[in-house]
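> My questions concern the predicted model and sequence given below.
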Amino acid sequence: MLIGELAARTGMSRDAIRFYERTGLVTSGRLPSGYRDFPPETVPWLLYVRTAQTLGFSLAEIARHGEELRDAPDPADALSALMQEKIRLIDSRMAELASLRAELDARVGTGCPLRVAGAVSP
């Protein structure tokens, strides 16, 4: 399928598809005319990529896990495991951010918010 049809079927721009091709997320052949020729399975894959990005997965994560998902005996179970791991990472980051917020909040109104907490002024 030509890039224009792929763009229409996925709702992505041609530039985005070319970017994904440059980064190795999708591959195409070339027709004798030199036009890109994408296999039909590129449509669901690109829809997956867009959804995974919306759910917070980086392109590097998507690329890293793409092959293992395709080769998994049960892709749904493999995908659920990836999502569980992403949830753990988000929970960890939320805890870090909550701690950072508490530290910043404790420094507000102290005269010098960059002073080490608990340090005695000279």
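Here it is on my side, so go on.
> shaky segments in the protein?
Applying pLDDT under 70 to the chain picks out residues 113, 116-122.
> What residues sit buried inside the helix of greatest length in it?
Secondary structure of the chain per DSSP state H: the longest helix is helix 75-107. Across helix 75-107, burial judged by 16 or more other Cβ atoms under 10 Å covers 78, 82. Glycine gets a C-beta too; all of them are placed from N, C-alpha and C.
> what's the answer for stretch 38-48, then?
Buried-residue list, stretch 38-48, by 16+ other Cβ under 10 Å: 38, 42, 45-46.
> just the CA coordinates of stretch 72-87, formatted as CSV?
Output of stretch 72-87 as CSV, limited to C-alpha atoms (Å, rounded to 0.1, in the frame of the first residue of the first chain):
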residue,chain,number,x,y,z
ALA,A,72,4.3,-13.9,22.0
PRO,A,73,2.0,-17.0,22.2
ASP,A,74,-0.7,-14.8,23.8
PRO,A,75,-0.1,-11.2,22.8
ALA,A,76,-2.9,-10.0,25.1
ASP,A,77,-1.1,-11.5,28.1
ALA,A,78,2.2,-10.0,27.0
LEU,A,79,0.6,-6.6,26.5
SER,A,80,-1.1,-6.8,29.9
ALA,A,81,2.3,-7.6,31.5
LEU,A,82,3.8,-4.5,29.8
MET,A,83,1.0,-2.3,31.0
GLN,A,84,1.4,-3.6,34.6
GLU,A,85,5.1,-2.7,34.4
LYS,A,86,4.2,0.7,33.1
ILE,A,87,1.8,1.2,36.0
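> Contacts for that stretch next, please.
55-57, 65, 68-69 (Cβ atoms under 8 Å, 6 or more residues apart in numbering).
> and if we set it to 10 Å?
48, 52, 55-57, 61-62, 64-65, 68-71 (Cβ atoms under 10 Å, 6 or more residues apart in numbering).
> And stretch 52-60, by the same measure?
Outside stretch 52-60, the residues that reach it (Cβ under 10 Å, 6+ apart) are 19-20, 23-25, 48-49, 51, 61-66, 69, 79, 82-83, 86-87, 89-90.
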